[in-house]
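1. fold the following, please.
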Amino acid sequence: MYKATVYVMYKDSVLDPQGEAVKGAVHRMGYESIEDIRIGKYFEIQVSKKEENVTQVIEEICDKLLANVVMETYRYDIQEVEA
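-> Below is the predicted model:
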């Protein structure tokens with residue numbers, strides 16, 4: 001079995017309102033040294049061993065479903081794991 005870990009984030013040029021709200025709350029808590037916080041999405045996907053093109057499948061899922069590639073970037077890591 002394979003386990004893909006996918007991280008999706010807004011591109012640097014895109015405003016992250018949730019991140020800004022959290023940063024404001026952190027500043028109100030007294031942590032003024034925090035300069036930026038960005039919110040993202042995290043996915044864990046398990047893929048059967050019988051899939052021959054794991055990387056291609058994960059790329060397609062990210063491009064077509066998990067990330068809005070106009071506004072977001074993604075990265076992933078694929079590892080073989082014990083079933």
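2. can you pull out the strands in the chain?
-> With DSSP state E as the criterion, the chain has strands at 2-10, 40-47, 72-80.
3. and those as a markdown table, adding mean neighbour count?
-> Backbone N, C-alpha and C define where each C-beta goes, glycine included. Converted to a markdown table, those look like this (neighbours: other CB atoms under 10 Å):
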| stretch | mean neighbour count |
| --- | --- |
| strand 2-10 | 17 |
| strand 40-47 | 13 |
| strand 72-80 | 14 |
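4. can you put these in CSV and add mean pLDDT and distance to I34?
-> Formatted as CSV, the strands of the chain follow (pLDDT from 0 to 100; distance: least, CB to CB, whole Å):
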stretch, mean pLDDT, distance to I34
strand 2-10, 98, 17
strand 40-47, 98, 17
strand 72-80, 97, 22
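5. tell me what angle the helix ranked longest in the chain forms with strand 40-47.
-> The helix spanning the most residues in the chain, taking DSSP state H as the definition, is helix 17-28. Counting by axes from the mean of the first three to the mean of the last three CA atoms, to 10 degrees, helix 17-28 points 120 degrees away from the direction of strand 40-47.
6. in helix 17-28, what counts as buried?
-> Within helix 17-28, the residues scored as buried using 16 or more other CB atoms under 10 Å are 19, 23.
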